[in-house]
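Please work out how this folds:
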Amino acid sequence: MVICIIALPVFALLGLFSLKYRILAWEAFHCLFRTVAFKPCNTGLDLKIKSKFTAKLMWFPALARGFYKYFAVLSWIFVILALLSVAGTGYGLYNYIKYGNCNGPDSSAFCIFNPTRAGGEEQCSTFTQKTEVDVKKVNLTGAVVRGALYAPYAIVEYGCYSCHYTKEAESALNQVLANYPNVKLFYLDVPLDIHPYSVEAGEAAICAGEQGKYWEYHDLIFERQESLNDSSFRAFANELKLSVSAFDKCLDANSTKAQLEMQRDNAFAAGVYGTPTFIIGKTVLVGPQEYEVLEKAVKKLM
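The predicted model follows:
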């Protein structure tokens, strides 16, 4: 009976193309149904499968004998592995939708905003340096600057307000900027559609910037990232004493949405595909970085 649990979906899929497998799928379903109803399976499908595989192993008598003898145990092992595989896939999809990677919030990976990009790495991998980004194609149009405008050295960051890893990178990044006043930050927001409120947060930050409060709003979003909701952005505007009418008018403007789309298009064109991504001179760092890593890259510029 146990083998019917695996056989049913396999034969059902193959049955789309062959009558032979549709018959076998029906036998597997019938067997499984009777077992669930606490009735003995009378199709003989498990015996057919058992005999067929045993026959294929007859070149190795000991292996064939063991397979036939422990068929029930092996069936349970296959079923458990199949269920674990399905559970693992479901868990990975949940994490990808919620966190932008398939490892979960404690992963050292990053948030992918173009998972179908040709040549991209595996979604669950951990990255520290990526040379595929074409530094010469980095476009700073729309970037906001933190630090002294005429500072001779710069860090370029591609981030997303709803990305857990962009938030995680904030502490080390701010520490570098505090310790190196001759370094400025260019921040480019690339919202991830897979994350809730990423687009809304990006638009709201731009609108706060029109009233001279971009960085205050930026910091507030990351500080409250876990509790963002539909009313958060206007509440933040009130908290920072912005003109709410001007803020709302900006949010409704097509130019605000167009600016975010342009920044995302420019990111793709440069070969950037995840947040956070840092470009420091010719060094490209992907994912949240330790202070020492960022500092080392900055020192290479000086």
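
When you work out contacts or count neighbours from here on, use the C-alpha atoms and nothing else.
Noted.

per-domain residue ranges of the chain.
Split into domains by automatic domain parsing, the chain comes to 2-99, 111-301.

Can you flag the weakest of those by average pLDDT?
Per-segment mean pLDDT for these reaches its minimum on domain 2-99, at a mean of 63.

can you pull out the strands in the stretch 51-200 of the chain?
Secondary structure of the stretch 51-200 of the chain (DSSP state E, counting those that start in this stretch): strands at 111-112, 144-146, 153-159, 183-189.

how about the helices in the stretch 51-200 of the chain?
Ranges of helices within the stretch 51-200 of the chain are 61-69, 71-99, 164-179, 198-209, based on DSSP state H, counting those that start in this stretch.

Do I have it right that Leu149 meets Val183?
No: look at Leu149 against Val183 with CA atoms under 8 Å: they stay out of range, at 9.2 Å.

neighbour-wise, which of these two wins?
Neighbour count, other CA atoms under 10 Å: between Leu149 and Val183, Val183 has more, with 22 against 13.

which ones are touching that one?
Counting by CA atoms under 8 Å, 6 or more residues apart in numbering, Val183 touches 147-148, 151-155, 177.

Which among these count as buried?
Buried by 16 or more other CA atoms under 10 Å: 147, 153-155, 177, out of these.

and Ile279, that one's in a helix?
No: counting by DSSP: H, G, I helix; E, B strand; the rest coil, Ile279 falls outside a helix, being strand.

What is the neighbour count of it?
24.

Closest to Phe247 out of the contacts of Val183?
Gly147 (24.5 Å; CA to CA).

now the closest residue to the closest one other than its chain neighbours, which residues is it bridged with?
With CA to CA, 6 or more residues apart in numbering as the criterion, Gly147 has its nearest non-adjacent residue at 4.7 Å, and that residue is Lys184. Judged by DSSP bridges, the bridge partners of Lys184 are Ala154.

Do I have it right that Lys184 meets Ala143?
No: Lys184 lies out of contact with Ala143 (CA under 8 Å); the separation is 11.8 Å.

higher neighbour count, those two?
The neighbour count for Lys184 versus Ala143, taken as other CA under 10 Å, is higher for Lys184 (22 against 17).

In the stretch 201-302 of the chain, what residue spans correspond to helices?
214-223, 232-239, 244-252, 254-270, 291-301.

possible to save those helices as JSON lines with mean neighbour count?
Listed next are those as JSON lines, based on neighbours: other CA atoms under 10 Å:
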{"stretch": "helix 214-223", "mean neighbour count": "18"}
{"stretch": "helix 232-239", "mean neighbour count": "16"}
{"stretch": "helix 244-252", "mean neighbour count": "15"}
{"stretch": "helix 254-270", "mean neighbour count": "17"}
{"stretch": "helix 291-301", "mean neighbour count": "15"}
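
Include distance to Phe60 when you put these into CSV, please.
As requested, these are exported to CSV (distance: least, CA to CA, whole Å):
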stretch, distance to Phe60
helix 214-223, 62
helix 232-239, 68
helix 244-252, 72
helix 254-270, 55
helix 291-301, 56
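
Ok, which of these comes nearest Leu173?
Between Leu173 and the helices of the stretch 201-302 of the chain, the tightest spacing by CA to CA is seen for helix 291-301, at 6.9 Å.

Which other helices and strands does that closest one contact?
With contacts taken as 3 or more CA pairs under 8 Å, 6 or more residues apart in numbering; DSSP states H and E, helix 291-301 sits against strand 153-159, helix 164-179, strand 277-280.

tell me the angle of it relative to strand 153-159?
Here the directions of helix 291-301 and strand 153-159 differ by 140 degrees (axes from the mean of the first three to the mean of the last three CA atoms, to 10 degrees).
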